[in-house]
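S.K.: Fold the stuff below for me.
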Amino acid sequence: MKIIRLEAKAIRVPLIEEFRTSLGGSIQHEGVIVKIYTDEGIVGIGEAAPSARITGETIETILGVISRLKNIMLGSNPLEYRRIIESIDDAVIGNPSAKAALDIAIFDVVAKKYGVPLYRLLGGSDNSFETSVTIGIMPQEKAIYKAQKYVEQGIRILKIKIGTNPTRDVDLLKKIRQIIGDDVRIRIDANQGYTVKQAIRVLKAIENLDIEFCEQPVHWRDLDGMREVRRNTEIPIMADESVHGPRDAIEIIKMDAADMINIKIMKAGGILNSLKIADICDSYGMKCQIGCMSETQISIAAGVSVAIAARSIEFSDLDGYILLKENIASGIKFDGVRNILPDKPGLGVEIKEDILRKYVVASVRFEE
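M.R.: The predicted model follows:
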C-alpha cells in the first residue's frame, strides 16, 4: 500500500454564536480538511484546527506546511505510520495542527485497512466517552440562562469559561451552582486570564461549590506561579496551554505544577504524540483530559478514540463541533452526556461534500 494523492482544503464555517474566552473571541471556525488517497482505494481524512493564539498557526500557514511535507507523504506506506509521523515531526518545527491533520488521516487509513474502528485499533473497547459542554464568556444573565437550559436538556457536565474579572467570575459561579443544583458537575477554565494572586483568591472563594478542576489559571510559561496556585487551593489544577508535547508533560510533573493535564490533539501534533503524553501521565499516576479547539467531527472522533484507549484520560471536553452553524462531517451522536462513535472502520465519520464545498476558501492537491 502507498499514498498516491494528498489534498487539503481550507474552510471557514460560521459559529452559531460568538465564542469568547479570556484570550479573545471568534465568530467562525477556521480549519483545514485533509484527504490522503492510497493505491488500494482507501481514503483517509484528517483535520487541522489552527489557533494563532495557542499554536501560532493560520489556515494559510497550514496549507504551506502540508505543501512542504508532501514528499514525505507521497509514496509512503501508511502502515508504517510511526516512521512517517516521526519524519513529519523532524521535518518541521512547531505547526502541530498541520501535523495533526496528516497524523489523523494516516491513522484513519490504517484502521480502515484492518477493518476496525480507530478506537479499537488503539486498544479501546467501548465506543463512547462522556464530555463537558462549554459556556463561553458572555453577560452574566445569558450565561446563567444557558447553564439552566443545558441542564434542562439533560447535559450533566458544564465547563464555564472565566478569567476576565475575578469578582464577576466568583459571583457567576455561585449563581450557576445555586440554579442548577448539586447533581451537575462543573469545571472551570481561566485560559491564563489571572495573576497568581487573583487565581488563588478566586479559587479559595469557590472551594465550597464542588468544582471538579480549574484549567490553566495563569500564564502558560509561569509554571512556578501555577504551582503556587495549586498549593493554595483545594480545587485541582489542570495544565492546558502549558502542555503541547511529551516534554512539556514531563516538566509539569517534575515541577509539581499541576494535578492534571489537558491533552489536545491540535497542540500535541496528532494522535501518536497525544498517546505519548497520556502514557507519560499514566506512568506517574496523573489524570488527564482530552480537549479540543473549535473543530469538526473529524478531529473530535480522533479525540474520542484516544480518550477511550488511554487509561490516564478520565475526562473529555470534546464539544467543539456543537458550536458550528453547519457540520461538514457526520457520524458522532451526542446524548447530552457522551459522544458516541459509530461502529465503522476508521474514524467512523463521513464528510458531507455538498456542505464542505460551501465553505472552502483555498485548497492544494499533490499526486505522486
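S.K.: Can you show me the strands along the stretch 101-250 of the chain?
M.R.: With DSSP state E, counting those that start in this stretch as the criterion, the stretch 101-250 of the chain has strands at 128-130, 133-135, 157-161, 185-189, 211-215, 237-239.
S.K.: Residue 232 and residue 203, how far apart?
M.R.: Distance of residue 232 to residue 203, computed by CB to CB, to the nearest Å: 8 Å. Where C-beta positions appear, they are placed from N, C-alpha and C, glycine not excepted.
S.K.: where does this structure have low pLDDT?
M.R.: Along the chain, the model assigns pLDDT under 70 to no residue.
S.K.: Can you tell me the centre-most residue of the chain?
M.R.: Centroid-nearest residue in the chain: residue 292, 1.7 Å away (criterion: CA atoms, centre = their mean).
S.K.: wait, doesn't that residue sit right on residue 302?
M.R.: No: contact criterion CB atoms under 8 Å: residue 292 and residue 302 do not qualify, at 9.7 Å.
S.K.: Report the contact partners of the residue nearest to the residue nearest to the centre of the chain when sequence neighbours are not counted.
M.R.: Once flanking residues are discounted, residue 292 sits nearest to residue 320: 4.2 Å by CB to CB, 6 or more residues apart in numbering. Contact partners of residue 320, counting by CB atoms under 8 Å, 6 or more residues apart in numbering, are 49, 292-296, 300.
S.K.: Who are the packing partners of the longest strand belonging to the chain?
M.R.: Counting by DSSP state E, the longest strand found in the chain is strand 3-21. Using 3 or more CB pairs under 8 Å, 6 or more residues apart in numbering; DSSP states H and E, the elements in contact with strand 3-21 are strand 24-38, helix 59-68, helix 70-73, helix 353-359, strand 360-367.
S.K.: which other residues reach the shortest one?
M.R.: Here helix 70-73 makes contact (CB under 8 Å, 6+ apart) with 3, 6, 36, 84, 87-88, 91, 102, 366.
S.K.: Quick check on those: which are buried?
M.R.: Among these, those classed as buried by 16 or more other CB atoms under 10 Å are 3, 6, 36, 84, 88, 102, 366.
S.K.: now residue 270: how far from residue 87?
M.R.: In terms of CB to CB, residue 270 sits 13 Å off from residue 87.
S.K.: actually residue 341, sorry about that
M.R.: Taking CB to CB, one finds residue 341 at 29 Å from residue 87.
S.K.: which non-adjacent residue is nearest residue 338?
M.R.: Closest to residue 338 by CB to CB, 6+ apart is residue 128, at 4.4 Å.
S.K.: Name whatever forms a beta bridge with that neighbour.
M.R.: With DSSP bridges as the criterion, residue 128 is bridged to residue 340.
S.K.: how about the closest residue to residue 52 other than its chain neighbours, phi and psi?
M.R.: Of all residues not flanking residue 52 in the chain, residue 58 sits nearest, at 5.9 Å (CB to CB, 6+ apart). When read as degrees, to the nearest 10, the backbone of residue 58 gives phi -130, psi 170.
S.K.: Pretty sure residue 58 sits against residue 48.
M.R.: No: counting by CB under 8 Å, residue 58 stays clear of residue 48, with 10.3 Å between them.
S.K.: Between these two, tell me which one has more neighbours.
M.R.: The neighbour count for residue 58 versus residue 48, taken as other CB atoms under 10 Å, is higher for residue 48 (35 against 15).
S.K.: show me what contacts the more buried one?
M.R.: Counting by CB under 8 Å, 6+ apart, residue 48 has contacts 31-32, 34, 57, 59, 62, 97-98, 100-101, 266.
S.K.: if you set the cut-off to 6 Å instead, what comes out?
M.R.: For residue 48, the contact set (CB atoms under 6 Å, 6 or more residues apart in numbering) comprises 32, 62, 97-98, 101.
S.K.: wait, which of the residues you listed is closest to residue 252?
M.R.: If you rank the contacts of residue 48 by distance to residue 252 using CB to CB, residue 97 comes first, at 21.0 Å.
S.K.: From residue 203, how far off is the closest one?
M.R.: Taken as CB to CB, the span from residue 97 to residue 203 is 31 Å.
S.K.: hang on, the earlier thing: and the longest strand of the chain, which residues are buried?
M.R.: For strand 3-21, by 16+ other CB under 10 Å, it's 3-11, 13, 15, 19, 21.
S.K.: now, the most widely separated pair of those?
M.R.: 4 and 21 (41.0 Å).
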